[in-house]
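Undergrad: just need the structure, nothing else, for what follows:
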Amino acid sequence: MVDLGNPLLNRVVDGFIKVGGIGALHAAAQDSYRLTLQEETSQRSLEKTARRLGKEALQWGLAAGVYTGVTYSMQEARGISDWRNPLVGGAITGAALSLTETDPRLDRVVQSAVTGSAIASAAEFLRNLTS
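TA: You can find the predicted model right below:
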């Protein structure tokens, strides 16, 4: 875990680094498969792959950083660790991810916020069932 002297900052940076790396690996796996199907690999396709790796790492890292930051902040502000913290964290994360698209529209931002909220809340409920 990263130690920057602030618990909130530690969680945000740690989540960004870990999940951002996973996002880059995800993109690398997908693009390496695509490149093996091509008969010829050009410099342009390799540059496209590198851009995609960076974009995926940034998006996945952003999602993790925003989510962990918001849920931790909610928990500290409210003094309670329950399903409402991931609900808000998922909504803000979904909206933030939607805003990284090239043409963000209000309906997509709202849909992503609702989806992120539902997924985060469901994950929290499932986590509490197994505890």
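
Undergrad: just give the nearest non-adjacent residue to residue 81, would you?
TA: Closest residue to residue 81 apart from its sequence neighbours, by C-beta to C-beta, 6 or more residues apart in numbering: residue 75 at 5.1 Å. (Glycine included, C-beta is placed from N, CA and C.)

Undergrad: wait, isn't the one you found in contact with residue 83?
TA: No - using C-beta atoms under 8 Å, residue 75 is not in contact with residue 83; the gap is 11.5 Å.

Undergrad: what helices or strands is the helix or strand encompassing the residue nearest to residue 81 leaning on?
TA: Under the criterion of DSSP states H and E, residue 75 resides in helix 43-78. Counting contacts by 3 or more C-beta pairs under 8 Å, 6 or more residues apart in numbering; DSSP states H and E, helix 43-78 packs against helix 7-37, helix 84-98.

Undergrad: from residue 76, how far off is residue 55?
TA: 31 Å (C-beta to C-beta, to the nearest Å).

Undergrad: likewise residue 44?
TA: 48 Å.

Undergrad: lowest average pLDDT across the helices and strands packed on helix 43-78?
TA: Ranked by mean pLDDT, those bottom out at helix 7-37, which scores a mean of 89.

Undergrad: buried ones in it?
TA: 10-20, 23-24, 27-28, 31 (16 or more other C-beta atoms under 10 Å).

Undergrad: swap in stretch 84-100?
TA: Result for stretch 84-100 [16+ other C-beta under 10 Å]: buried residues 85-98.
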